[in-house]
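Asks: Provided below are the primary sequence and the corresponding predicted coordinates.
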Amino acid sequence: MFLYYCGRALQLAGMWILLADIFMAGPLGPDPSWFVYGILVFVAGWLLVRWKRPSAGS
């Protein structure tokens, strides 16, 4: 269950990085390195949640 919540936290952190990068973007758009970092963190959290999803019986 701990890994499930770690995955959810990673998803939130990834979305925060993406939103912060988009809203802090200058005239040239978001910084590509931070944008990719946010996507990678979000996808890592998504995969962890998918792998450690709690069963329906518990």
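Replies: Sure thing, it's come through.

Asks: for Tyr37, see how far away the nearest residue to Pro30 once chain neighbours are set aside is.
Replies: Leaving aside its sequence neighbours, Pro30 sits nearest to Asp21 (C-beta to C-beta, 6 or more residues apart in numbering; 4.5 Å). All C-beta atoms are positioned from the backbone trio N, CA, C, and that covers glycine. Applying C-beta to C-beta, to the nearest Å, the value for Asp21 to Tyr37 is 9 Å.

Asks: more neighbours: these two, which one.
Replies: Counted by other C-beta atoms under 10 Å, Asp21 and Tyr37 do not tie: Asp21 has more neighbours, with 19 against 15.

Asks: check contacts around that one.
Replies: Taking C-beta atoms under 8 Å, 6 or more residues apart in numbering as the criterion, Asp21 is in contact with Pro30, Asp31, Trp34, Phe35, Gly38.

Asks: distance from the host helix or strand of the residue nearest to Pro30 to the middle of the chain?
Replies: Secondary structure from DSSP states H and E places Asp21 in helix 2-23. Put simply, helix 2-23 sits 3 Å off its chain's centre (C-alpha atoms, centre = their mean, to the nearest Å).

Asks: can you spell out which helices and strands pack onto the helix or strand just after it?
Replies: Sequence-wise, the next helix or strand downstream of helix 2-23 (DSSP H and E) is helix 32-51. Contact here means 3 or more C-beta pairs under 8 Å, 6 or more residues apart in numbering; DSSP states H and E; on that basis helix 32-51 packs against helix 2-23.

Asks: the helix it packs on - what's its average pLDDT?
Replies: Per-residue pLDDT over helix 2-23 has a mean of 94.
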